[in-house]
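Participant: sequence and predicted structure, then a few things I'm wondering about:
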Amino acid sequence: FTFTGTCTYLIGRGDVTVLDPGPADAGHVEAIVRALPGERVAAILVSHTHADHSPAAALLQARTSAPIHGCAPHVAARDLHAGEINRLEASADKTYRPDHILQHGEALNIGGVTLEAVATPGHTMNHLCFALQEENTLFSGDHVMAWSTTIVAPPDGSMGAYMASLELLRGRAEQIYWPGHGGPVNEPQRFVRALLHHRRQREAAILQRLKQGDSSITQIVEKLYAGLDPRLKGAAGLSVFAHLEELIARGEATSGEAPSLTAQFFAV
C-alpha cells in the first residue's frame, strides 16, 4: 500500500514545515531532525490520518515543541452497518490531535512560503492537499499519486466524495504534484482527467457486470481484475464496494440487504 514508503516533505528555510512525518518510527523522526541543522521545525503539517502519515506528528512535536496543523481528527464517511467489519480499521490513526485544524482555503505562512489547504475528501473524509503558492505546486497526499490509483474503502472512504475532489483539482492550475507516495505527478490536470476517466470506466464496467447477472463483489473482482495478484484482491474488492455504494446512492443499483462486502447487489 505504501510503495517505497511515505514521502515526508521539509518545506521552507530557517523556519521549516514538516509535512506528513509518517508512521510512529523514532528513527525516522530523528532523521527529520538531523536533516535540518541550524534550522527549526516551526510547524508539523498532516494531510490525513492514516497510520503511515500522521502518528509521527506527536513524536516530532515531543522532540521539537512545534505545533501540529492540518486535517481534522479521523472520521468515517458513514457508520458501520449492523454486523459490518471495517477491514481497514487498523490503518486509521485515532490518536491524532492537531493544535489547529485547517479549513479549505486557509493558508499557513511559515519560513517564507505559503501553504493553502485544499479539502479533498474521499480517500479519507478528512484528507487535505496543500498548495505551495510560491512554486505553483501541490502536495497531493494520497489523493493523487503517479505510482498507483488511490484506494477508496468504505466505511472510511467515499467514492462520491473522491470523484468530486478530483473534479475540484481539475479546475486548479498547479503545474506539478508532490504525492504522499512515489515520485512527482507531471502534467497534473491531464493526469487527473485520466483518473476520472478510469474511475468512470470502472463504474460502468461494474454496472455492466450487475446487468450480466454477477451479484457479489467476489464475482465482479474475478471478472474485472483477471490476473490480479491474489494479495491485492482484498483491496480490489474494497474499491468495487466503494463504486457500488455510489451506484446505490445514485439509484442505479440496489442491494437486498445493508450494503457490505458479502451482500448481493443488483442493477436497477
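Facilitator: All right, it came through fine.
Participant: look up how far Leu10 lies from Ala153.
Facilitator: 30 Å (Cβ to Cβ, to the nearest Å). Heads up, the C-betas are built off the backbone N, CA and C, glycines and all.
Participant: and what of Glu187?
Facilitator: 25 Å.
Participant: of those two, who's got more company?
Facilitator: With neighbours defined as other Cβ atoms under 10 Å, Glu187 and Leu10 compare such that Leu10 has more, 15 against 12.
Participant: so Ala82 touches Glu257, yeah?
Facilitator: No: using Cβ atoms under 8 Å, Ala82 and Glu257 do not qualify as a contacting pair, with a distance of 9.6 Å.
Participant: neighbour-wise, which of those two wins?
Facilitator: Higher neighbour count among Ala82 and Glu257: Glu257, with 12 against 8, using other Cβ under 10 Å.
Participant: ok, and the closest non-adjacent residue to that one?
Facilitator: Closest residue to Glu257 apart from its sequence neighbours, by Cβ to Cβ, 6 or more residues apart in numbering: Ala263 at 5.1 Å.
Participant: ok, now which ones touch the one you found?
Facilitator: Applying Cβ atoms under 8 Å, 6 or more residues apart in numbering to Ala263 gives the contacts Ser216, Ser255, Gly256, Glu257.
Participant: out of these, which are inside strands?
Facilitator: Ser255 (DSSP state E).
Participant: need the worst-confidence member of the contacts of Ala263.
Facilitator: For the contacts of Ala263, the weakest pLDDT value sits at Gly256, with 82.
Participant: Phe266 is in contact with that one, correct?
Facilitator: Yes: Gly256 is within contact range of Phe266, at 7.3 Å (criterion: Cβ under 8 Å).
Participant: and these two? Which one has more around it.
Facilitator: Ranked by neighbour count (other Cβ under 10 Å), Gly256 and Phe266 place Phe266 first, with 13 against 10.
Participant: spatially nearest residue to the more buried one, not counting backbone neighbours?
Facilitator: Thr254 (5.5 Å).
Participant: who's in contact with the one you found?
Facilitator: So Thr254 contacts Ile248, Phe265, Phe266, Val268 (Cβ under 8 Å, 6+ apart).
Participant: highest neighbour count among those residues?
Facilitator: Result: Phe265 is most packed of the contacts of Thr254 (other Cβ under 10 Å), 26 neighbours.
Participant: any idea how far Met125 is from that one?
Facilitator: For Phe265 relative to Met125 (Cβ to Cβ), the value is 23 Å.
Participant: next one, pLDDT for the residue nearest to Phe266 please.
Facilitator: Reported pLDDT for Thr254: 97.
Participant: from Pro154, how far off is it?
Facilitator: 16 Å.
Participant: equivalent analysis for Ser260, please.
Facilitator: Taking Cβ to Cβ, one finds Ser260 at 9 Å from Pro154.
Participant: out of those two, which sits in the more crowded spot?
Facilitator: Pro154 (26 against 18).
Participant: report how many residues lie close to Gly111.
Facilitator: 19.
Participant: who's in contact with the residue nearest to it when sequence neighbours are not counted?
Facilitator: Nearest non-adjacent residue to Gly111, counting by Cβ to Cβ, 6+ apart: Gly12, 2.5 Å away. Gly12 sits next to Ala42, Ile110, Gly111, Gly112, Val113 when contact means Cβ under 8 Å, 6+ apart.
Participant: give me the low-pLDDT residue ranges for the stretch 1-150 of the chain?
Facilitator: 1 (pLDDT under 70).
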